[in-house]
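Engineer: need a structure here:
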Amino acid sequence: MVRGKTQMKRIENATSRQVTFSKRRNGLLKKAFELSVLCDADVALIIFSPRGKLYEFASSSMQATVERYRCHNRDAQTATRFVEQNMQHLKQETATMMKKIEQLEIAKRKLLGENFGSCSVKELEEIEQQLERSARKVRERKIQVYNEQMEQLQEKGKTLAAENARLSDKYHSLAKQARGKNHCENPASLENSPTSEVETNLFIGLPETRGITLPPHVV
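Structural biologist: Okay, the predicted model is just below:
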């Protein structure tokens, strides 16, 4: 069960209020001292009673701590002002960019042939001229890309032709070396090879009947 928070309010009885102030003041001063000792913190505590009496505690120098607080507060305020100014500047830039984007969207739709109803003759002429300039630039770029591709293909063709010539020379050189090697190892191989003598007679029948004269009625 969750208990509701007790609402804190001012003590109406003056005596009770003074007693509570003394107890809480002493407890707060004690806690401030303990915090400075246990955590090595620079603590400064200033209390004014309802009657205007001052109670204070400082772990080092009250003046130095207060001055340090003032410097920190000034830096924080400066940083806050800088952030606010920067945010305002960003808002203005955002609004300007939104207007530019809107104008670009309108111009793009007009270039696409849309929303011509509110255009005057002069605006239509300007759009026409802009489209012609764009088309001219596209054609120029197209020709440039085409020429670059042609040059690349020509260079590639030259490279392939040179490689083909190199491989052809290498093949002929290897074939020549192979023929020279075979001639050195067996000079008579070419003369006694089966291709040196070719039989031109046609024989019919089994191989063992070659060279046997057959009777005329068999032929």
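Engineer: going by C-alpha atoms from here, please, whenever you check contacts or count neighbours.
Structural biologist: Will do.
Engineer: for the residue nearest to residue 48 when sequence neighbours are not counted, give me its contacts.
Structural biologist: Closest residue to residue 48 apart from its sequence neighbours, by CA to CA, 6 or more residues apart in numbering: residue 54 at 4.7 Å. Residue 54 makes contacts with 46-48, as judged by CA atoms under 8 Å, 6 or more residues apart in numbering.
Engineer: quick one, which of the residues you listed are buried?
Structural biologist: The neighbour-count test (16 or more other CA atoms under 10 Å) marks none of those as buried.
Engineer: how many residues are close by residue 44?
Structural biologist: When neighbours are counted by other CA atoms under 10 Å, residue 44 registers 21.
Engineer: who's it bridged to?
Structural biologist: residue 58 (DSSP bridges).
Engineer: so who does it touch?
Structural biologist: Counted by CA under 8 Å, 6+ apart, residue 44 has contacts 32, 56-59, 62, 65-66.
Engineer: at 10 Å instead, please
Structural biologist: Applying CA atoms under 10 Å, 6 or more residues apart in numbering to residue 44 gives the contacts 29, 32-33, 36, 56-66, 69.
Engineer: and for residue 106?
Structural biologist: Contacts of residue 106 by CA under 10 Å, 6+ apart are 100, 112, 114-115.
Engineer: where does the chain have its least confident helix or strand?
Structural biologist: helix 62-111 (a mean of 86; mean pLDDT, DSSP states H and E).
Engineer: quick check: the residue nearest to residue 48 vs residue 16, distance?
Structural biologist: 20 Å (CA to CA, to the nearest Å).
Engineer: go through stretch 83-94 and flag the buried ones.
Structural biologist: So for stretch 83-94, nothing qualifies as buried (16+ other CA under 10 Å).
Engineer: swap that for stretch 130-145, sorry
Structural biologist: Buried residues in stretch 130-145 (16+ other CA under 10 Å): none.
Engineer: likewise stretch 151-159?
Structural biologist: Buried residues in stretch 151-159 (16+ other CA under 10 Å): none.
Engineer: next one: stretch 32-42
Structural biologist: 32-33, 36, 42.
Engineer: chain center to that stretch, what's the gap?
Structural biologist: 50 Å (CA atoms, centre = their mean, to the nearest Å).
Engineer: can I get it in PDB, CA atoms only?
Structural biologist: Output in PDB follows, covering the C-alpha atoms of stretch 32-42 (Å, rounded to 0.1, in the frame of the first residue of the first chain):
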ATOM      1  CA  ALA A  32      27.400  20.100   6.200                       C
ATOM      2  CA  PHE A  33      30.400  19.500   8.400                       C
ATOM      3  CA  GLU A  34      30.200  15.700   7.900                       C
ATOM      4  CA  LEU A  35      29.900  16.100   4.100                       C
ATOM      5  CA  SER A  36      33.000  18.300   4.000                       C
ATOM      6  CA  VAL A  37      35.000  15.800   6.000                       C
ATOM      7  CA  LEU A  38      33.800  12.500   4.600                       C
ATOM      8  CA  CYS A  39      33.700  13.500   1.000                       C
ATOM      9  CA  ASP A  40      36.400  16.200   0.900                       C
ATOM     10  CA  ALA A  41      33.900  18.700  -0.500                       C
ATOM     11  CA  ASP A  42      34.000  22.400  -0.400                       C
END
